[in-house]
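Visitor: any chance you could fold what I've pasted below:
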Amino acid sequence: MSNADSKVKITQVRSIIKCKQYQKDTIHALGLGRPNYAVVHTLNPQIQGMINVVKHLVKVESI
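Guide: So this is what the prediction gives:
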């Protein structure tokens with residue numbers, strides 16, 4: 001996935017109710033907020049880092 005134009009679809013699959021505040025902030029920064037919401041982002045190091053923080057709460061698919 002080193003292509004500069006690679007896109008990923010990020011879907012929130014779990015609730016953030018009992019998560020730490022930095023994980024809640026990361027979910028909101030990704031544009032998510034409720035389970036089953038999905039967003040499409042261009043994969044870059046910043047987005048990859050955010051995905052790694054909340055990988056237990058989201059499902060990531062390559063587009």
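Visitor: doesn't Lys9 fall inside a strand?
Guide: Yes. Using DSSP: H, G, I helix; E, B strand; the rest coil, the assignment for Lys9 is a strand.
Visitor: leaving out sequence neighbours, find the closest residue to it.
Guide: Once flanking residues are discounted, Lys9 sits nearest to Glu61: 4.6 Å by CB to CB, 6 or more residues apart in numbering. (Each C-beta comes from the backbone N, C-alpha and C, glycine too.)
Visitor: the one you found contacts Lys7, doesn't it?
Guide: No. Taking contacts as CB atoms under 8 Å, Glu61 lies outside contact range of Lys7: 9.6 Å.
Visitor: circling back to that earlier point, quick one: secondary structure of the residue nearest to Lys9?
Guide: Assigned with three-state DSSP, Glu61 falls in the strand class.
Visitor: how close does it sit to Ser6?
Guide: Glu61 sits 12 Å away from Ser6, going by CB to CB, to the nearest Å.
Visitor: and for Ile63?
Guide: From Ile63 across to Ser6, the span is 8 Å (CB to CB).
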